[in-house]
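**Q** Quick one: sequence and predicted model below, then my questions.
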Amino acid sequence: MKFFIDSGDLGEIHEAQAMGAIDGVTTNPSLLSKGGKPTKQAIAEICELVDGPISAEVLATDTQGILDEGRELAKIHPNVVVKVPLIVDGLKAVQVFTKEKIKTNVTLCFSPTQALLAAKAGATYISPFIGRLDDLSGEGMELIEQITTIYSNYGFATEVLVASIRSPLHVTQAALIGADVATIPFKVITQLAKHPLTDIGLAKFLEDAKKIPKS
Ligand code: E4P
């Protein structure tokens, strides 16, 4: 299972990468708006830091605009993946990007049929947003199960990128289902390493170690 960090913050990305946890990065306009840098500059800096797929989202919502913007983003670095919203114009653009061998991450997916259309358009990744479904009293993880089953039924190459992750439990559930990728906020990445019994056990070992004769 691949882990991407869902962040536009270079400090967070650097820290998570130092843990050896990071295979790639996803960003979105909300995340990049916190950094105060122009998108192209922010994405270029992330590409310098992480050698893996880096998702950069288009802002256009019409096919031609998405194509123009996506091609510009793809020029930043060979690792850039163009993030396209799951709307009809977006799907039309994804088909063209697929022919041009530009990698795509189709974002804001909330249903199995949306995921099916993205795969048929040749998307590299599909991003179902599970946390936002949970927020509306839905069951986000059911969507991951449905999409992975559908993709495996028909042998689609599109990778399931579990997005809008809110907790370590989401990561465990996504891994049990066999999702290809989880994109995880920095806070949750650090939570993945934590267990109170580890801290209690370590404190006890260090305390007991003081009783061991030095020589
Ligand atoms: C994924 O690509 C999105 O950037 C992200 O996971 C959205 O998460 P949120 O629902 O916490 O904003």
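**A** Arrived safely. Numbering: from 1, shown residues only.
**Q** Neighbours of Lys214, how many?
**A** Using other Cβ atoms under 10 Å, Lys214 has 3 neighbouring residues. Glycine gets a C-beta too; all of them are placed from N, C-alpha and C.
**Q** Sorry, slip of the keys, the one I care about is Phe129.
**A** 19.
**Q** The spatially most central residue of the chain: what's it in contact with?
**A** With distances taken as Cα atoms, centre = their mean, Thr183 lies nearest the centre of the chain, 2.9 Å away. Thr183 is in contact with Phe3, Phe4, Ile5, Asp6, Thr26, Ser127, Leu161, Val162, Ala163, Ile165, counting by Cβ atoms under 8 Å, 6 or more residues apart in numbering.
**Q** Just say helix, strand or coil for it.
**A** Using DSSP: H, G, I helix; E, B strand; the rest coil, the structure places Thr183 in strand.
**Q** May I have the beta-bridge partners of it?
**A** On the basis of DSSP bridges, Thr183 is bridged to Phe4.
**Q** And it, how close does it get to Ser7?
**A** From Thr183 across to Ser7, the span is 9 Å (Cβ to Cβ, to the nearest Å).
**Q** How about Val80?
**A** Val80 sits 16 Å away from Ser7, going by Cβ to Cβ.
**Q** neighbour count winner among these two?
**A** Neighbours per residue (other Cβ under 10 Å) separate Val80 from Ser7, with Ser7 holding more: 27 against 23.
**Q** Tell me if I'm right that that one and Leu31 touch.
**A** Yes - counting by Cβ atoms under 8 Å, Ser7 touches Leu31, with 6.1 Å between them.
**Q** contacting residues around the residue nearest to Gly70 when sequence neighbours are not counted?
**A** Among residues not flanking Gly70 along the chain, Val82 sits closest, at 3.9 Å (Cβ to Cβ, 6 or more residues apart in numbering). By Cβ under 8 Å, 6+ apart, the residues touching Val82 are Ser55, Ala56, Val58, Gly70, Leu73, Ala74, Phe97, Ile102, Lys103, Thr104, Asn105.
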